[in-house]
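K.L.:
Predicted model and sequence follow; I will ask about them next.
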Amino acid sequence: VQLVESGGGLVQAGGSVRLSCAASGRTFSSYALGWFRQAPGLEREFVAAVSWSGGRAYYADSVKGRFTISRDNAKNTMYLQMDSLKPEDTAVYYCAAANQENVPRTARMFGYWGQGTQVTVSS
């Protein structure tokens, strides 16, 4: 599975951005997918993850109620809708895929990664 993120950029605090993750590979629909982010000087952290069907979604406490993860298996694409953005959301955002039925929430459980897209939230 190859993953390519898009949709990052500069946005003001309180604004919204939607990230996309386009995947190649015929088995995309069987993979759990996730979003992680990494700010300068910090470790990569979990943001959100979704099951292969889209029926189960999990969020980090810091983004719960503001971010929404979704996927469209027909389009081989995953999304992260980010609303009410804060300066502390500034980071490089990565999408990741895991070939397992359970939905992992730790980076080491994901075997496939995109190259990342920068999101900068100005105050």
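P.N.:
Structure's in. What do you need? Numbering: from 1, shown residues only.
K.L.:
Contacts for stretch 46-65 next, please.
P.N.:
29-37, 45, 67-71, 73, 78, 80, 82, 88-89, 93, 101, 103-107 (C-beta atoms under 8 Å, 6 or more residues apart in numbering). Backbone N, C-alpha and C define where each C-beta goes, glycine included.
K.L.:
Can you pull up the most central residue in the chain?
P.N.:
residue 35 (2.4 Å; C-alpha atoms, centre = their mean).
K.L.:
Let me see the contact set for that one.
P.N.:
Applying C-beta under 8 Å, 6+ apart, the residues near residue 35 are 19, 21, 47, 48, 49, 69, 78, 80, 93, 94, 95, 96.
K.L.:
run the last query once more with 7 Å
P.N.:
Neighbour list for residue 35: 47, 48, 69, 80, 93, 95 [criterion: C-beta atoms under 7 Å, 6 or more residues apart in numbering].
K.L.:
Does the fifth one fall in a helix, a strand, or a coil region?
P.N.:
What DSSP: H, G, I helix; E, B strand; the rest coil gives for residue 93 is strand.
K.L.:
Tell me who's in contact with it.
P.N.:
Residue 93 neighbours (C-beta under 7 Å, 6+ apart): 5, 8, 19, 35, 37, 116, 117, 119.
K.L.:
How about the fourth one?
P.N.:
For residue 80, the contact set (C-beta under 7 Å, 6+ apart) comprises 18, 19, 35, 48, 67, 69.
K.L.:
Near residue 101, how many other residues are there?
P.N.:
Using other C-beta atoms under 10 Å, residue 101 is surrounded by 10 other residues.
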